[in-house]
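> quick one, structure for this:
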Amino acid sequence: MEICYSPLVGKAVNLDHVADEMFSQRMLGDGMAIAPEAREVYSPVAGEITMVYETQHAIGIKTETGIEILLHIGIDTVMLGGTPFDTKVQVGDHVQPGDLLTIVDWNYIRKKGCDTIVPVLAINRKVKLLKSEENVKPGEALFEIEA
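Just a heads-up that it's a prediction; the model follows:
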């Protein structure tokens, strides 16, 4: 059993309420989303950075037990070319829960008309939610990943 923690300060949101079918229909996996209230995004798990998308809007982490976690920072933020992100990790880095991954300019994202929601997914896994729609901060357990 693996726990995924909140990667940022904000409000936990059920994936059902994310305005992108890829996430709301759980096409990539199950999890939870966070409506951000702070600029810093932290690692939700211990593991290795396996992917930092070239536009920095998505970060993949593989846990020590082989579970793949995806943080997708905003919706349609791929179109912003990396401008609102100050990513602090690279592929191959080992992280612990609470390690800083990136700093995000949410105002820039809003000005460009993109959604700031941050889906946190366990790729191709089912999860048991440990939070409902409530305020969360880094280090609080969001969901348990089924083996």
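> got the CA coordinates for the longest strand anywhere in the chain in CSV?
Secondary structure of the chain per DSSP state E: the longest strand is strand 29-36. Written as CSV, here are the backbone C-alpha positions of strand 29-36 (Å, rounded to 0.1, in the frame of the first residue of the first chain):
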residue,chain,number,x,y,z
GLY,A,29,-5.4,6.7,-13.9
ASP,A,30,-7.2,7.6,-10.7
GLY,A,31,-6.3,10.2,-8.1
MET,A,32,-7.4,13.7,-7.0
ALA,A,33,-6.9,17.2,-8.1
ILE,A,34,-5.8,20.3,-6.2
ALA,A,35,-7.1,23.9,-6.8
PRO,A,36,-3.8,25.7,-5.9
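> buried sites along stretch 60-68?
Gly60, Ile61, Lys62, Thr63, Ile67, Glu68 (16 or more other CB atoms under 10 Å). (Each C-beta comes from the backbone N, C-alpha and C, glycine too.)
> closest one of the residues you listed to Asp93?
Ile61 (9.4 Å; CB to CB).
> wait, isn't that closest one in contact with Glu48?
Yes. Assessed by CB atoms under 8 Å, Ile61 is found in contact with Glu48 at 6.8 Å.
> return every residue with contacts to both of those two.
Val95 (CB atoms under 8 Å, 6 or more residues apart in numbering).
> so for Arg39, what's the pLDDT?
pLDDT recorded at Arg39 is 97.
> isn't it up against Thr102?
No. In this structure, Arg39 is not within contact of Thr102 by CB under 8 Å, at 9.0 Å.
> more crowded one of the two?
Thr102 (22 against 15; other CB atoms under 10 Å).
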